[in-house]
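Colleague: show me how the following folds:
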Amino acid sequence: MSLMSVSHGSKDIRRAFDAAAADFTALGRYLWDPIGAATVAAVGPRPGDRVLDACCGAGASAIPAARMVGRSGSVDAVDVSGPMVDELRRRASDLPRLGAHCADVMAWDGDGYDVVISALGIFFLPDMTAGTERLVGMARPGGRVGFTIWRGEAMVAAGKYLGRAVAEVTNTEPPGEREPHLIDRINQAEPFGAWLTGRGLSDVDVVTHELRLPMTPEVAWLVIVGSGYRGALTELEPDTVAAVRERYLSLLAEDEISELDAGTLIGVGTAMEGAAR
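Modeller: Here you go, the predicted model:
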């Protein structure tokens, strides 16, 4: 089980993240916020820039971007999850130049941005290649574009242990391997950089952001309920969810899993003239 397998369809993605909104923020200080801050630092918005944050969630990258562009700049933060956008509005109440929008970014009517970013969002697009090219096309020629994805097997262990716990508690078969996806071919620095170059970016640089989460009981369960993994729990009764939690934590303890790899790749490049729109 992976973050993608529990959120395969667009409706499943929205339902999972709608349910996870409050816990998403709680997990943020361990996971989303460091990744969002690293993404923004790598792209480097300047005061006065117009920024688009695609698949913005609760604002892990939108908020630091808004602080960097200041009152002379602006950030359009777009996500399909209403509860996530509501959480972002609550967190960004002191940032009047940050506009939080509940919308499908693939239907977003905007271009000419100085900066386009998406932290851990492009692999949820219905067509990752075409969707990424559309996002690149929303940047002005010469604009900066940055996309963050999971590196290698990052976060996978949590999904595997959750899948085992759900299967044992519900007396069902463990989930099978998900279908191969483009992300499996580009989740290392070199192929990711080459792929981004093919999407209309020049001078692409890919940096690795190392992050390991301490798998205390609190953090280990937040990884599930504060992420797309929550989709695996949406059809379960509360008593069953509680039993899954206990079994999941016990499985981690039995195998002495004390840390979780949460490393990412941040690919940054420059939008070229004539990029797809």
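
Colleague: for the chain, what's the longest strand?
Modeller: Secondary structure of the chain per DSSP state E: the longest strand is strand 139-150.

Colleague: next SSE after it?
Modeller: helix 156-170 (DSSP states H and E).

Colleague: tell me what angle that next one forms with strand 139-150.
Modeller: Counting by axes from the mean of the first three to the mean of the last three CA atoms, to 10 degrees, helix 156-170 lies at 60 degrees to strand 139-150.

Colleague: any idea of the mean pLDDT in helix 156-170?
Modeller: Taken as a whole, helix 156-170 carries a mean pLDDT of 96.

Colleague: quick one: pLDDT of Arg178?
Modeller: Model confidence at Arg178, given as pLDDT, is 74.

Colleague: gap between it and Asp184?
Modeller: For Arg178, the distance to Asp184 equals 9 Å [CB to CB, to the nearest Å]. Yep, even glycine has a C-beta here, placed from its N, CA and C like the rest.

Colleague: run the chain-centre distance for the longest strand of the chain.
Modeller: From the chain centre to the centre of strand 139-150 is a distance of 15 Å (CA atoms, centre = their mean, to the nearest Å).

Colleague: list the pairing partners of it within its sheet, with orientation.
Modeller: Applying DSSP bridges, strand 139-150 is found paired with strand 113-119 (parallel), strand 264-271 (antiparallel).

Colleague: switch the ones you listed over to a markdown table; also include mean pLDDT.
Modeller: Converted to a markdown table, the strands paired with strand 139-150 look like this (pLDDT from 0 to 100):
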| stretch | mean pLDDT |
| --- | --- |
| strand 113-119 | 98 |
| strand 264-271 | 98 |
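
Colleague: looking at those, which is nearest to Leu27?
Modeller: Nearest of the strands paired with strand 139-150 to Leu27, taken as CB to CB: strand 113-119 at 14.0 Å.

Colleague: touching, Val166 and Ala243? I think so.
Modeller: No - proximity of Val166 to Ala243 does not meet the contact threshold set by CB atoms under 8 Å, at 9.7 Å.

Colleague: which one's more surrounded, these two?
Modeller: Neighbours per residue, other CB atoms under 10 Å: of Val166 and Ala243, the larger number sits with Val166, 22 against 17.

Colleague: what are the buried residues along stretch 102-118?
Modeller: Residues of stretch 102-118 classed as buried by neighbour count (16 or more other CB atoms under 10 Å): Val105, Met106, Trp108, Tyr113, Asp114, Val115, Val116, Ile117, Ser118.

Colleague: what does stretch 237-251 give?
Modeller: Those would be Val241, Ala243, Val244, Arg245, Arg247, Tyr248, Leu249, Leu251, for stretch 237-251 by 16+ other CB under 10 Å.

Colleague: cool, and stretch 22-33?
Modeller: Buried residues in stretch 22-33, defined by neighbour count with 16+ other CB under 10 Å: Asp23, Phe24, Thr25, Leu27, Gly28, Tyr30, Leu31, Trp32, Asp33.
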